[in-house]
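Asks: the sequence and its predicted three-dimensional model are supplied below.
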Amino acid sequence: MYRKKAWRILGLLMVALLVLLIASGCGGKSATQNNTPSQEKNEGAAATSSKYPEKPITIIVPYAAGGSTDALARAIEKVWTKYCPQPVMIVNKPGAGAVVGREFVKTSKPDGYTLMIGYGSGEDLIGPQLQKVPYDPLKDFTPIARMSIHSTIICVPGNSQFKSMKELIDWAKTSNQPVTASVSTATGNVNITMRGIGKVTGINIVPIPHQGGAQAITDLIGGHAIVGGGSGNEVAPHIQAGRLRPLAVDLPERDPAFPDVPTLKEQGINFYSWGSVKGIAAPAGTPKEVVDYLAGVLKKVSEDPEFKESMKNLNQPILYMGPEEYQKFFKEAYDYFGKLIKDLNITLQ
Amino acid sequence: MGIFEGLFNGFSIALQGYNLLFAFLGCLLGTAIGVLPGLGPAATISLLLPVVYKMSSPATSIIFLAGIYYGSMYGGSTTSILLNLPGEAASVVTAIDGYKMALKGRAGAALGIAAIGSFIAGTIGVIGLSIVAPPLAEFALRFGPPEYFALTLVGLLLAVFLSGSSIVKGLIALLIGLLLASVGLDPITGKVRFAGGIIGLQGGFDFVTLAMGVFGIGEILYSLEQNIKGEIVTTKIGKVFPTIKDFIEAKWAIIRGSLIGFFVGILPGGGAVIASLASYAVEKRCSKKPEEFGQGAICGVAGPESANNAASSASFIPLLTLGIPGNASIAMIFAALMIQGVTPGPFLVKEHADVFWGVIASMYIGNLMLLALNLPLVGLWVQLLKVPFGILAPAVVLFTCVGVYSIANDTFNIYALLFFGLLGYFMRKLDFEPGPLPLAFVLAPIIENSLRQSLLMSGGSMAIFFTRPIAATLFAIFIALVIAQGLQSLRQRKRSKVSPEMSTGEV
């Protein structure tokens, strides 16, 4: 009698787990159903790349769900099936400072069914130049396309006395006080930008690293640091609410998502950075037809009105680049960061 | 828009058939994942994000996700009590007395009081959310690194007091927890520490893996040695529901827990953990029978469980009013809103009143649903204890492995689980209360970060902890607690061990 009941409960638990598994697969499934009409549209493209793609494509996000890279991946997923007969599955593999996800993609088969998004982030352009990592960002991946760049928007709290970079720098020089700067992490672009500003202007900037952008921004809003910065989607809601005031963007040119925020150079500070580049890559050795096919799909994605709308909501600029161009750009940015790290004497001690 | 007008409007949205259905589905799913070891709300929400993106209205999607989140807080207590498997940091404290109650055949009473306490706390939390959200959120912003350091220090002290019989053993467990937390990336410099070249270690250990190992797997390994103990659990079930007497005993614990949870839960970060710890300490202090704590005191379940549920409602305050996500699950709800073109923050009430009030109203309804869902389930869950140990234990191990694998879709966590299981086994053998270990593990990064950040802010001067009013107040509380505890130990020694009573001092 009791035994029977016990089995029933165990069965119930199993069913609950099954329901969950099915629910998790749901996103992929509904996407599969949607793609019958688009299949016809893509027959031409499919023919050129022999049979690829024959099965769903997995895109690894080496960060936790909910971050800016994850949001970009979801925005791509939303419109992907309009341009490709096979759906994409977004899989988050966070952990070990985004190393786990990269290691996984590096060791995956180079057949075009496992891709990585976020190629060009600090973990590719900055981290490997500071400490040993189990992947070579230049050799272990084949670039497919650049989708966006997350610039660093330098901000002060809404009630701060500073209205421009010049006011901040003049104050620091006359008062001779250290300028505390709330930054996301020690290996992140915000930290490099802040140190770069300190170096070229001669003021004493003290970066205070956090465990990620959200915490750094919260501390800045609370007025616990004089200056700080974050990516567009981190700071935009707070700029809108008047809790943060943007002073500058760290790119060589203005960020298309923040056209009103001047660059550092426009304000007489001779420094720029490449922000956090958000591209898609495959394991090294992926066939060229596959890379070109995927780049073609991503180009169409980048021009899709629905995708543009999502990216506008996320405050991420669309900055598409094809495989060859992106590879060149990646190398340049990598070398530039290497030079910055050397010039600014950045170490992890 | 006034509160009542807003709420009225909110209920008209939340009561629409579609939204009602998704609130129910969210609560149901939340309860299910709360019960399944390892699968937390953050993992589930991330799995469901693609589905949510396809929903037409942002209000519906957030009602659904919020339901999963607070539903999992309800369900989370179930495994803590029945199987000693706390799925998240906030239910570690619940497991301590809850599991002891289950061992004594009072699992039904513990589950029942947890469900009722959660309902009352959830409701108090939502009422607080609708009335005092904006000013409280402003207050939370005044917590910078020095304040977090002082608060977490108090939290660590309270965790030591959990250890019951021996403070020295509590301190040892605490230090092991702190040590384990230091594996991985140095939060300030980003340098890898103590990883020994193993990739899995580079990011540090995962909390859920640690808690499941030290508590659940450790418990199972220990039980393997003791056939008799296993039988006690499987034969004695006792009354399914808490009696009126239980409820009267726990009623103030629930109210106090709710209030503590609500106010501490507003702080992004370790809010819910510190709230459940503080509630446990307060209940032990207020109780007429403090010696029962750690041995299956009903107030030791009711208080902390209420506190962590009130904290889960309160954690929506920084999100909805400031646009600050306080934890991983809330961060994902934040992402879902952003991609649908709704920016959480101070303009939410004005620009998307339907989302703001719709969610709050759905939380009132959701809490009712959860009570209706969970109370009858108590009877069913209790039956789980009738499953013979030989079947239950392997099933628990299996589900736990699936759960920890799903955290990062990586096998490393399964090995880590085994390691922590052995650690938990030896701790039990040597008569250590495991509670302080996972709690110290959770609090360690906050305390390390905030200390180093504070000193960076002040240029190395310790004065920063005493010149800021909130931090100074918290330090005063810390010192008072230490002194109170010291005096009590002295007095006890004089009385030469009349009763091994332990107290936590005033909070």
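Replies: Now that the structure is in, tell me what you want to look at.
Asks: for burial, what's the neighbour tally of residue 171?
Replies: All of this refers to chain A. A:Trp171 has 16 neighbouring residues, counting by other C-beta atoms under 10 Å in any protein chain shown. In short, each C-beta sits where N, CA and C put it, glycine included.
Asks: ah, no, chain B please
Replies: B:Leu171 has 15 nearby residues by other C-beta under 10 Å.
Asks: excluding chain neighbours, what is closest to it?
Replies: Nearest non-adjacent residue to B:Leu171, counting by C-beta to C-beta, 6 or more residues apart in numbering or on different chains: B:Val160, 5.9 Å away.
Asks: that neighbour falls within a helix, correct?
Replies: Yes: B:Val160: assigned to a helix according to DSSP: H, G, I helix; E, B strand; the rest coil.
Asks: wait, isn't it in contact with B:Ile167?
Replies: Yes: the criterion here is C-beta atoms under 8 Å, and B:Val160 meets it with B:Ile167 at 6.4 Å.
Asks: okay, and A:Ala181 sits in which element?
Replies: strand A:179-183 (DSSP states H and E).
Asks: what are the buried residues along the helix or strand following that strand?
Replies: With elements assigned by DSSP H and E, the helix or strand that comes after strand A:179-183 is helix A:189-201. Residues A:Asn189, A:Val190, A:Asn191, A:Ile192, A:Thr193, A:Met194, A:Arg195, A:Gly196, A:Ile197, A:Gly198, A:Thr201 are the ones in helix A:189-201 that count as buried (16 or more other C-beta atoms under 10 Å in any protein chain shown).
Asks: which other residues reach helix A:189-201?
Replies: With C-beta atoms under 8 Å, 6 or more residues apart in numbering or on different chains as the test, helix A:189-201 has contacts from A:122, A:126, A:152, A:154, A:165, A:169, A:172, A:179, A:181, A:183-185, A:203-205, A:207, A:209, A:213, A:216, A:227-230, A:250, A:264, A:269-271, A:273-276, A:337, A:340-341, A:343-344, A:346.
Asks: how far off centre is it?
Replies: Computed by C-alpha atoms, centre = their mean, to the nearest Å, the chain-centroid distance of helix A:189-201 equals 20 Å.
Asks: got the angle for that helix vs strand A:179-183?
Replies: 150 degrees (axes from the mean of the first three to the mean of the last three C-alpha atoms, to 10 degrees).
Asks: separate out the buried members of the contacts of helix A:189-201.
Replies: A:122, A:126, A:152, A:154, A:165, A:169, A:172, A:179, A:181, A:183-185, A:203, A:205, A:207, A:209, A:213, A:216, A:227-230, A:250, A:264, A:269, A:271, A:273-276, A:337, A:340-341, A:344, A:346.
Asks: can you tell me the closest non-neighbouring residue to the residue sitting nearest the centre point of chain A?
Replies: Geometric centre of chain A, nearest residue: A:Thr69, 3.8 Å, by C-alpha atoms, centre = their mean. Distances taken as C-beta to C-beta, 6+ apart place A:Gly118 nearest to A:Thr69, at 4.2 Å, with adjacent residues excluded.
Asks: B:Val160 and B:Ile167 - which one has more neighbours?
Replies: B:Val160 (20 against 14).
Asks: confidence score at that one?
Replies: On the pLDDT scale, B:Val160 is placed at 81.
Asks: circling back: list the pairing partners of the strand holding A:Ala181 within its sheet, with orientation.
Replies: strand A:205-209 (parallel), strand A:227-230 (parallel) (DSSP bridges).
Asks: restrict the first one to CA atoms and write it as CSV.
Replies: Extracted as CSV, the C-alpha positions of strand A:205-209 are listed here (Å, rounded to 0.1, in the frame of the first residue of the first chain):
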residue,chain,number,x,y,z
ILE,A,205,42.2,58.1,-11.0
VAL,A,206,41.6,55.3,-8.4
PRO,A,207,39.5,52.5,-10.1
ILE,A,208,37.3,50.5,-7.8
PRO,A,209,36.5,47.1,-9.4
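Asks: quick one: contacts of it?
Replies: For strand A:205-209, using C-beta under 8 Å, 6+ apart, the contacting residues are A:178-186, A:191, A:194-195, A:197-198, A:216, A:219, A:225, A:227, B:145, B:187-190, B:453, B:456-457, B:459.
Asks: related to what we said a few turns ago, for the strand holding A:Ala181, which outside residues touch it?
Replies: With contacts defined as C-beta under 8 Å, 6+ apart, strand A:179-183 is touched by A:168, A:172, A:190-191, A:194, A:198, A:203-210, A:216-217, A:219-220, A:224-229, B:456-457.
Asks: could you check how far B:Ile3 is from B:Tyr364?
Replies: 13 Å (C-beta to C-beta, to the nearest Å).
Asks: looking at the two, which is more packed in?
Replies: B:Tyr364 (19 against 12).
Asks: can you pull the pLDDT of B:Phe207?
Replies: Reported pLDDT for B:Phe207: 83.
Asks: what's the burial count for it?
Replies: B:Phe207 has 20 nearby residues by other C-beta under 10 Å.
Asks: give the contact list for it.
Replies: B:Phe207 sits in contact with B:Glu88, B:Ala89, B:Pro438, B:Phe441, B:Val442, where contact means C-beta under 8 Å, 6+ apart.
Asks: B:Leu224: which of those is nearest?
Replies: B:Pro438 (22.1 Å; C-beta to C-beta).
Asks: quick revisit: surely the residue nearest to A:Thr69 meets A:Ile59?
Replies: No: taking contacts as C-beta under 8 Å, A:Gly118 lies outside contact range of A:Ile59: 9.7 Å.
Asks: of these two, who's got more company?
Replies: Here A:Gly118 and A:Ile59 are compared on neighbour count by other C-beta under 10 Å; more neighbours surround A:Gly118, at 30 against 19.
Asks: for B:Gly190, see how far away the more buried one is.
Replies: The value you get for A:Gly118 to B:Gly190, if C-beta to C-beta is used, is 17 Å.
Asks: got the angle for the helix or strand encompassing B:Ser454 vs strand A:179-183?
Replies: Per DSSP H and E: B:Ser454 is located in helix B:436-458. Orientation check (the same axes, to 10 degrees): helix B:436-458 against strand A:179-183 gives 140 degrees.
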